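Chemist: A structural model of the following input is requested.
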Amino acid sequence: SIQDDLNAFHFKFTQFEANAINTSTPIGNFSSLYVSFLLNRPNGFHLLQTFIPTGLVVVISWASFWLDPTAVPGRISLGVGTLVIMTTLSSTIRHKYSPSSHVNAMEQWLGACQLMVFAALLEFPLVNWLS
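Modeler: Residues are numbered from 1 along each chain as shown. The predicted model follows:
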């Protein structure tokens, strides 16, 4: 059975299966062990460390929509500041996890947040040009 105090970083062991396999080949008999682990990842860590902070940065970037179009320094500072914060957060979060060959949900979330912050920054030149 699995010990209750056995844990891995960001994971909780929930179940495992172990089987002994004997294989006969022309050069002899071999035995091997097949072990399968079922891991569960708690969501609270990712909610507090990733989703809430990046979501708040996106909401803060939307504050530029309520600024006066003539408030150029404020709009630029807010847009560039939130873009730098979002880039730093994304880089830090991606560095914590091992690289994978496929796009995962975390990368999709970070990409969507980055896109929204960048779109909020691009809104200023559009409003300035239209006015």
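Chemist: measure the residue nearest to the spatial centre of the chain to Ile27 for me?
Modeler: Centroid check for the chain by CA atoms, centre = their mean gives Met106 as the closest residue, at 3.1 Å. Going from Met106 to Ile27 by CB to CB, to the nearest Å gives 46 Å. Quick note: C-beta positions are derived from backbone N, CA and C, even for glycine.
Chemist: so who does the residue nearest to the centre of the chain touch?
Modeler: His46, Thr50, Ile93, Tyr97 (CB atoms under 8 Å, 6 or more residues apart in numbering).
Chemist: buried ones among the residues you listed?
Modeler: His46, Thr50, Ile93 (16 or more other CB atoms under 10 Å).
Chemist: state the distance from Ile21 to Val103.
Modeler: Ile21 sits at a distance of 35 Å from Val103 (criterion: CB to CB).
Chemist: I meant Trp66, not that one.
Modeler: 34 Å.
Chemist: and what of Ser32?
Modeler: In terms of CB to CB, Ser32 sits 34 Å off from Val103.
Chemist: ok, Thr82 next?
Modeler: Counting by CB to CB - Thr82 and Val103 are separated by 24 Å.
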